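**Q** Need the 3D shape of this:
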Amino acid sequence: MNDIPTEPRRRGRMRLLLGAVCAAVLAAGGTLIAAPSAYAEADRTVSSNTTGTHNGYYFSFWKDSGNASMTLRADGRYSSSWDRSTNNWVGGKGWATGSRRTVSYSGTYNPGNNNTYLALYGWTRNPLIEYYVVENFGSYNPSSGATRLGTVTTDGGTYDILRSQRVNQPSIDGIQTFYQYWSVRQQKRSSGTITTATHFDAWARAGLNLGTNHAYQVMATEGYQSSGSSDITVREGGGSPTTGPTSNPGNCTATLSAGQQWSDRFNLNVAVSGTSSWVVSLGLGGGQSVQNSWNAAVSGTSGTVTARPNGSGNNFGVTIMANGNWNWPTITCQTG
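**A** Down below sits the predicted model:
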């Protein structure tokens with residue numbers, strides 16, 4: 001049975017053991033406090049190992065060293081950043097118990113040419129299984145070295161199905177031997193919908209059966225000896241979350257939200273507030289180009305694209321050809 005390579009294989013193994021111990025200590029101490037029903041907790045930045053709930057969502061954060069942090073924001077949103085002083089870190093928001101739910105997520109993920117990935121990540125027991133639905137990654141494909149068992153096409157893309165085995169390694173139940181199941185998206189993206197049932201069923205058809213007892217399931221960002229950032233919003237259900245990265249220098253605020261997505265392009269909506277005279281700049285990633293726009297005067301098609309009011313109000317949109325790059329553009333807003 002093939003294993004993933006030795007160096008990346010260390011990533012996250014000890015964090016799982018420590019995360020389980022941390023959760024047990026917190027639970028024993030009675031310090032886990034349920035989110036209020038209104039889910040109106042203030043933003044909270046974490047930079048040390050912890051798990052819990054925030055604004056109605058389960059979260060986990062782990063690092064072994066360095067300057068990595070995660071800010072828990074409204075509802076299912078979190079943002080993160082880390083630099084090369086960090087050996088390994090992982091964090092995200094989701095649910096304390098995994099299921100065949102439909103997960104929608106959107107935001108920005110900036111891996112650069114680094115060892116990092118964005119994935120829906122979870123565990124089951126009976127049997128003990130660690131699973132990943134990898135949506136985006138940097139220079140290292142986290143399924144490298146795993147045994148390829150086919151593909152599944154769902155949610156506008158094709159995923160490679162793989163399995164690897166961990167022998168006498170840390171897990172959520174201490175040192176164990178267990179399998180890892182992978183779905184790795186061929187067309188990288190940082191926003192979309194994940195129909196988990198489709199992946200679970202495709203794994204089952206390939207002989208990869210999950211356990212009957214689900215542990216946690218989170219939309220996670222991870223980095224190993226790298227630097228990067230992310231700003232991700234996750235929720236349950238189809239479609240895309242309505243919140244995203246915001247720019248607010250001075251009185252001008254521009255907020256991105258997801259629109260419709262196809263196999264080769266995606267729509268983004270931009271809401272501007274604070275002024276009726278504005279200039280919004282969108283920094284497109286490599287290979288991306290603007291195919292169409294509406295409700296604004298948009299200049300440029302690649303690189304930095306600027307938008308100004310055209311008399312149609314303060315909300316506009318763009319269609320971006322992905323060309324394999326599904327990251328959302330950076331955004332800034334200035335008064336015009």
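
**Q** Where does the prediction get shaky in the chain?
**A** Applying pLDDT under 70 to the chain picks out residues 1-39, 238-250.

**Q** Domain ranges for it, per the record?
**A** According to automatic domain parsing, the chain comprises the domains 6-236, 246-335.

**Q** Rebuild those domains as JSON lines, extending it with mean neighbour count.
**A** C-beta coordinates here come from the backbone N, C-alpha and C atoms, glycine included. Below are the domains of the chain laid out as JSON lines (neighbours: other Cβ atoms under 10 Å):
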{"stretch": "domain 6-236", "mean neighbour count": "19"}
{"stretch": "domain 246-335", "mean neighbour count": "17"}
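
**Q** pretty sure Asn251 belongs to a strand, no?
**A** No: going by DSSP: H, G, I helix; E, B strand; the rest coil, the assignment for Asn251 is coil, not a strand.

**Q** which outside residues touch the helix or strand containing Ala197?
**A** Under the criterion of DSSP states H and E, Ala197 resides in helix 196-205. The contact list for helix 196-205, computed with Cβ atoms under 8 Å, 6 or more residues apart in numbering, reads 98-103, 120, 131, 133, 150, 152, 154-155, 159, 161, 181, 183, 209-210, 217.

**Q** hmm, 6 Å instead?
**A** Residues outside helix 196-205 that contact it (Cβ atoms under 6 Å, 6 or more residues apart in numbering) are 100-101, 133, 152, 154, 161, 181, 183.

**Q** now those residues in TSV, with distance to Ser69 and secondary structure?
**A** Shown next, in TSV, are the contacts of helix 196-205 (distance: Cβ to Cβ, whole Å; DSSP: H, G, I helix; E, B strand; the rest coil):
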residue	distance to Ser69	secondary structure
Arg100	32	coil
Arg101	28	coil
Val133	25	strand
Val152	35	strand
Thr154	33	strand
Ile161	34	strand
Tyr181	30	strand
Ser183	29	strand
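
**Q** out of those, what pair is the most spread apart?
**A** Arg101 and Ile161 (19.7 Å; Cβ to Cβ).

**Q** picking up where we left off before, centre of the chain to the helix holding Ala197, how far?
**A** 20 Å (Cα atoms, centre = their mean, to the nearest Å).

**Q** Okay, angle between the helix or strand following that helix and helix 196-205 too, please.
**A** Later in the chain than helix 196-205, the nearest helix or strand by DSSP H and E is strand 213-224. Angle of strand 213-224 versus helix 196-205, following axes from the mean of the first three to the mean of the last three Cα atoms, to 10 degrees, is 100 degrees.

**Q** who does strand 213-224 touch, helix- and strand-wise?
**A** In terms of contacts (3 or more Cβ pairs under 6 Å, 6 or more residues apart in numbering; DSSP states H and E), strand 213-224 is packed against strand 88-95, strand 116-125, strand 228-236.

**Q** Nearest to Glu222, out of these?
**A** Closest to Glu222 of the helices and strands packed on strand 213-224 is strand 88-95 (Cβ to Cβ; 4.1 Å).

**Q** what packs against the closest one?
**A** Against strand 88-95 (3+ Cβ pairs under 6 Å, 6+ apart) you get strand 57-63, strand 77-82, strand 213-224.

**Q** In PDB, list the C-alpha atoms belonging to it.
**A** Extracted as PDB, the C-alpha positions of strand 88-95 are listed here (Å, rounded to 0.1, in the frame of the first residue of the first chain):
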ATOM      1  CA  ASN A  88       2.800  23.400  10.800                       C
ATOM      2  CA  TRP A  89      -0.600  24.800  11.500                       C
ATOM      3  CA  VAL A  90      -4.300  24.000  10.700                       C
ATOM      4  CA  GLY A  91      -7.600  25.700  11.600                       C
ATOM      5  CA  GLY A  92     -11.100  26.100  10.400                       C
ATOM      6  CA  LYS A  93     -14.800  26.300  11.100                       C
ATOM      7  CA  GLY A  94     -17.500  23.700  10.600                       C
ATOM      8  CA  TRP A  95     -19.400  21.200  12.600                       C
END
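
**Q** Direction included, what does it pair up with?
**A** Note on strand 88-95: by DSSP bridges, its sheet partners are strand 57-63 (antiparallel), strand 213-224 (antiparallel).

**Q** got these as TSV, with distance to Ser302 columns?
**A** What follows is these, written out as TSV (distance: least, Cβ to Cβ, whole Å):
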stretch	distance to Ser302
strand 57-63	36
strand 213-224	27
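
**Q** quick one, what contacts Phe266?
**A** Taking Cβ under 6 Å, 6+ apart, we find Phe266 in contact with Ile320.

**Q** what bridges to it?
**A** Beta bridges link Phe266 to Gln261, Ile320 when assigned by DSSP bridges.

**Q** what does Val270 give?
**A** Leu256, Phe316.

**Q** ditto for Ser106
**A** With DSSP bridges applied, Ser106 shows beta-bridge pairing to Thr233.

**Q** To Lys188, which of the helices and strands packed on strand 88-95 lies closest?
**A** Of all the helices and strands packed on strand 88-95, strand 213-224 sits nearest to Lys188, with 14.0 Å by Cβ to Cβ.

**Q** List phi and psi for the nearest residue to Asp43 once chain neighbours are set aside.
**A** Spatial nearest neighbour of Asp43, chain neighbours left out: Arg73 (5.2 Å); criterion: Cβ to Cβ, 6 or more residues apart in numbering. Per-residue torsions, Arg73: phi -120, psi -160 (degrees, to the nearest 10).
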